[in-house]
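>>> quick one: sequence and predicted model below, then my questions.
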Amino acid sequence: MSVRSRNVLPPEYWQSYEIQTEDWLINMGPQHPSTHGVLRLVLKTRGELVLEVTPYIGYLHRCAEKIGENVAAQQWIPYTDRMDYLSAMNMNLGWALTVEKLLGVEVPERGRHLRVILAELNRIASHLVAVGTYALDLGNFTPFMYCFREREKILNLFEWACGARLTYSFIVIGGVRADLPKGWVQACEKFLSDFERAIPDLHALLTQNKIFISRTAGVGVLPSDVAIQYGCTGPVLRGSGVAWDLRRHGEPLYTRMYEEYDFQIAAPDENGKYPKQEIFPPVPREAVVGDCWHRFFVRMYEIHESISIIRQALDKYSQIRGPVGDPIKHTQKLPAGEAYLETECPRGQMGFLVVGNNSPVPWRARARSGSFCNLSVLPELCRGVLLADIPAIVGSLDIVLGEVDR
Amino acid sequence: MLYILLSSLILLFFAFTIAAFLVWAERKIAARIQDRLGPTRVGGRFGWLQSVADGIKILGKEDIIPKDADAVLFRIAPYLTLAAAFSWFVVLPLSEHFVVVRFESALVFLLALSGLEIYGVLMGGYASGSKWSLIGAMREAVQVVSYEVPLALCAVIPVLLSGSMDLVTIADSQSGGFWNWFLFDNPFAFLGFWVFVVCATAGLNRAPFDLPEAESELVSGYMTEYSGFRWAVFMLTEYVLMFVVSALAAILFLGGWHGPFPLADWLGIDSLGQPWAIWLRNFLGIITLLAKALLGTLGIIWARWTLPRLRIDQVMTVCLKYCLPLATTAFFGSLAWKIGF
């Protein structure tokens, strides 16, 4: 089971070379511009060739799970914000759904559509950060600014809705904290149409750029079987050609939110073609299913799909009148028993486990992070690549260390 | 002797001004490309004093020499690069009569200086005592052997066409309208110019060839351990080189100080025979050359903020696999053209 970039000679070739250079251990991080936070990689290199990569994590460990066993279920919502701080709405949603599953609480239909709007909007914001910082990792600064300009508009919308720009705590157990303010829906629609006009710039600067393609296509190829063995999820799994999306394949409580919506699962088939390919830039010839380019493109594709989901959701939300759900009280006792539920977060499947024992405070709160599993495949991907490919591969996995360490 | 010293000092001042201007210009252009404002405070609306403020800030920084560094080489390295870059101005003519030292093999001297500038980078990377710096220096070495050969081959084309290695003669043999520029002399020279542009960008360590200082991979490459004034010297060098290489490209291929239309001839400035007419002509020439060089610099800056970075093997592929055959074709094609027509 060996994964290797096509462009690079295997280490055996170098070992057979007569002149040997000394192997180096290089410490990349935890303070390094392109390890996306406090990830530390120890690289064993021979010149520019990287023989082995070992990730070290734990620099951002904040005992989130232990805290979860000391506060009421509702009070843990702000802590879930701080796990994947780039998609806090999705984190809130995951925990809220898990506890709702244990409690057997139903959220009214209007609340469900509102949750979809918020979660998908946050997915776009999160993917924009992923795409922008990926460009940064490859040495291109400008798309990063374009992405952050658009993300800023989403954050403004969120700020208008809930007062916070990053850690929202807006989706809570039992529903949504408050209904949307007046005029928000129109502002959101306007944002979506503006944003759609900005996407071709990103495609021109990244997706179709020759240098970008040569830096990403065929680099860090992750076959689908390896991806499944390592438990990779989210865009990393879908980039390997596995059409698996919990919004379609998840638990009924979660898929029911999305069953009325029409969207495609962003995953290439074995020929590297995407559904509805004709409206997207063509897949370059050099790209192999499972490489960095496909992982990147899956995110771009999901941005397109999320726009369409939000449009449908805004429509459905506006048509229904009624409450958006009733947040449970802090004192509400959790029944004895346990519930586990995974949701499709921008960075992979985020699973929450809650065990109750007739007390408002969970007996056990556990978070299963998608980023953690996606990161675990890194040593496999980085065997025998060049030093410059390391940021390209790490960036394509798009990890958030807050979620890895929790 | 005094003349050379004095004019060198003037040029040094000129070079610093150009570098400071380019630092500001790059920030403004990058901001415009990226939908930002850039500097807006220092020196009024357009922040044109930003470079001065930056300079003062940098002078106030702590001067760090790492424990593992080779202190002597570490200190020498930036000044070696600076000296090499500023020496360009000694032979670089700004106009027909505005050249400090005019001598026959000026072009070879400039190519040699561009090689000398590399030593500073290698030295700095080696002496820093940091693995990232050393990798940056090694990348620079790899890059140099990749781009130097096609660059030199393309630089020789104007020599071939004008029959001289003196930059003043090269530029003056392109006088009288843009149709006389070596860029349009023959299709091979046209090809050679673009290969020259690619290789010169590689030589400047600018994106997409900024591997020795790749900030997302090598932290800052050979500059990682530098701080304060020495770091500023490396930075200034980069901007000075950006300008002089653009000016060299303008002299070699784009007619130097001769405008796209022979305005001075049409107006009959030369026929006046007055000393002030010669001064006027030289002054117009400097303006023209500055405009061309700044346009070239704008192109380099624009490319940096548009393109991602290549990988080291791709740099070698671009330079040796594509540029070298193209440069050879351009060289021999121009030769054949020159003999044939």
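Arrived safely. Bear in mind the structure is a predicted one, so any value in this text is a computation, not a measurement.
>>> going forward, measure contacts and count neighbours with C-alpha atoms only.
Noted.
>>> close to chain A: what parts of chain B are there?
Within reach of chain A by CA under 8 Å from any CA of the partner chain, chain B has these residues: B:33-35, B:131, B:135, B:214-217, B:219, B:304-312.
>>> select only the buried ones of these in ChimeraX?
Of those, the buried ones can be selected in ChimeraX as follows, counting by 16 or more other CA atoms under 10 Å in any protein chain shown:
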select /B:33,34,131,135,214,215,216,217,219,304,305,306,307,308,309,310,311,312
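>>> quick check, pLDDT for whichever residue of the stretch 51-200 of chain B sits closest to chain A.
Nearest residue of the stretch 51-200 of chain B to chain A (CA to the nearest CA) works out as B:Lys131 at 7.2 Å. According to the per-residue confidence, B:Lys131 scores 85 in pLDDT.
>>> what sits closest to it if chain neighbours are left out?
Residue nearest to B:Lys131 in three dimensions, not counting chain neighbours: A:Ile26, with 7.2 Å by CA to CA, 6 or more residues apart in numbering or on different chains.
>>> pretty sure that neighbour contacts A:Arg46?
No. Counting by CA atoms under 8 Å, A:Arg46 is not a contact partner of A:Ile26; they are 10.3 Å apart.
>>> in the stretch 1-150 of chain B, which residue sits nearest chain A?
B:Gln34 (5.5 Å).
>>> next up, the contacts around that residue.
Contacts here follow CA atoms under 8 Å, 6 or more residues apart in numbering or on different chains; on that basis B:Gln34 touches A:142-143, A:145-146.
>>> 7 Å instead, please
Shown in contact with B:Gln34 (CA atoms under 7 Å, 6 or more residues apart in numbering or on different chains): A:142, A:145-146.
>>> how near is whichever residue of chain B sits closest to chain A to A:Arg215?
Nearest to chain A, among the residues of chain B, is B:Pro308, at 4.3 Å (CA to the nearest CA). From B:Pro308 across to A:Arg215, the span is 9 Å (CA to CA, to the nearest Å).
>>> just B:Val198 next, same as before
For B:Val198, the distance to A:Arg215 equals 18 Å [CA to CA].
>>> do the same with A:Val377
Using CA to CA, we find A:Val377 at a distance of 20 Å from A:Arg215.
>>> hmm, A:Gly241 is touching A:Asp225, no?
No. Contact criterion CA atoms under 7 Å: A:Gly241 and A:Asp225 do not qualify, at 10.0 Å.
>>> thinking again about what came up before, chain B next: which of the contacts of B:Gln34 are close?
Under the cut-off given by CA under 7 Å from any CA of the partner chain, chain B has A:142, A:145-146 from the contacts of B:Gln34 close to it.
>>> now tabulate those in a markdown table and tack on pLDDT, neighbour count and distance to B:Leu122.
Output for these, formatted as a markdown table (pLDDT from 0 to 100; neighbours: other CA atoms under 10 Å in any protein chain shown; distance: CA to CA, whole Å):
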| residue | pLDDT | neighbour count | distance to B:Leu122 |
| --- | --- | --- | --- |
| A:Thr142 | 89 | 23 | 30 |
| A:Met145 | 90 | 21 | 33 |
| A:Tyr146 | 91 | 21 | 36 |
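>>> now intersect those residues with the helices, please.
Using DSSP state H, the members of those that fall within helices are A:142, A:145-146.
>>> quick check: next helix or strand after the helix or strand where B:Ala232 lies?
Secondary structure assignment for B:Ala232, by DSSP states H and E: helix B:228-253. Downstream of helix B:228-253, the next assigned helix or strand under DSSP H and E is helix B:263-267.
>>> distance from that following helix to the middle of the chain?
Mean-position distance between helix B:263-267 and its chain equals 30 Å (CA atoms, centre = their mean, to the nearest Å).
>>> mind listing what's buried in that helix?
Those buried within helix B:263-267 under the rule 16+ other CA under 10 Å are B:Ala264.
>>> quick check: angle from the helix or strand just after that helix to helix B:228-253?
Counting by DSSP H and E, the next helix or strand C-terminal to helix B:263-267 is helix B:275-304. Calculated by axes from the mean of the first three to the mean of the last three CA atoms, to 10 degrees, helix B:275-304 forms an angle of 110 degrees with helix B:228-253.
>>> now do the buried residues in helix B:275-304.
Within helix B:275-304, the residues that qualify as buried are B:277-278, B:281-298, B:300-302, B:304, counting by 16+ other CA under 10 Å.
>>> in stretch B:15-33, which residues are buried?
Neighbour-count burial for stretch B:15-33, with 16+ other CA under 10 Å as criterion, is recorded at B:15-16, B:18-31, B:33.
>>> strands - which of those land there?
The members of these all map outside strands under DSSP state E.
>>> and the residue of the stretch 301-406 of chain A found nearest chain B, how close does it get to A:Arg215?
The stretch 301-406 of chain A approaches chain B most closely through A:Ala388 (6.0 Å), counting by CA to the nearest CA. Per CA to CA, A:Ala388 is found 9 Å from A:Arg215.
>>> neighbour count winner among the two?
Between A:Ala388 and A:Arg215, counted using other CA atoms under 10 Å in any protein chain shown, the more crowded position is A:Ala388 (24 against 21).
>>> shaky segments in chain A?
Low-confidence segments of chain A, defined by pLDDT under 70: A:1-21.
>>> around chain B, which positions in it sit nearby?
Listed as neighbours of chain B in chain A under the rule CA under 7 Å from any CA: A:32-34, A:137-142, A:145-146, A:211-212, A:215, A:388, A:391.
>>> hmm, 8 Å instead?
Residues of chain A lying near chain B by CA under 8 Å from any CA: A:26, A:32-34, A:47-48, A:135-143, A:145-146, A:205, A:211-212, A:215, A:387-391.
>>> shared neighbours of B:Pro308 and A:Arg215, which are they?
Shared contacts of B:Pro308 and A:Arg215, counting by CA under 8 Å, 6+ apart, come down to A:Leu138.
>>> show me the helices in chain B, by range?
Taking DSSP H to define them, one finds helices in chain B at B:2-33, B:50-59, B:71-91, B:106-127, B:131-162, B:167-172, B:187-203, B:228-253, B:263-267, B:275-304, B:312-316, B:324-340.
>>> assumed A:Thr167 was part of a strand.
No. A:Thr167 is assigned coil when assessed by DSSP: H, G, I helix; E, B strand; the rest coil, not a strand.
>>> A:Gln31 versus that one, what's the distance?
Look at A:Thr167 and A:Gln31: by CA to CA, they are 24 Å apart.
>>> now swap in A:Cys382 and tell me
Counting by CA to CA, the gap from A:Cys382 to A:Gln31 is 20 Å.
>>> higher neighbour count, these two?
It is A:Cys382, of A:Cys382 and A:Gln31, that has more neighbours when counted by other CA under 10 Å, with 26 against 14.
>>> phi and psi next, for the closest residue to that one other than its chain neighbours.
Leaving aside its chain neighbours, A:Cys382 sits nearest to A:Val53 (6.3 Å; criterion: CA to CA, 6+ apart). Dihedral pair for A:Val53: phi -130, psi 130, per degrees, to the nearest 10.
>>> report the closest residue of the stretch 1-150 of chain A relative to chain B.
Counting by CA to the nearest CA, the stretch 1-150 of chain A gets nearest to chain B through A:Asn140 (4.3 Å).
>>> next one, pLDDT for the residue nearest to that residue when sequence neighbours are not counted please.
Distance criterion CA to CA, 6+ apart; nearest residue to A:Asn140, sequence neighbours excluded, is B:Pro308 at 4.3 Å. B:Pro308 carries a pLDDT value of 88.
>>> and for residue 129, the neighbour number?
Chain wasn't specified; assuming chain A. Number of residues near A:Val129 (other CA under 10 Å) recorded here: 20.
>>> correction: the question concerned chain B.
Neighbours of B:Gly129 (other CA under 10 Å): 19.
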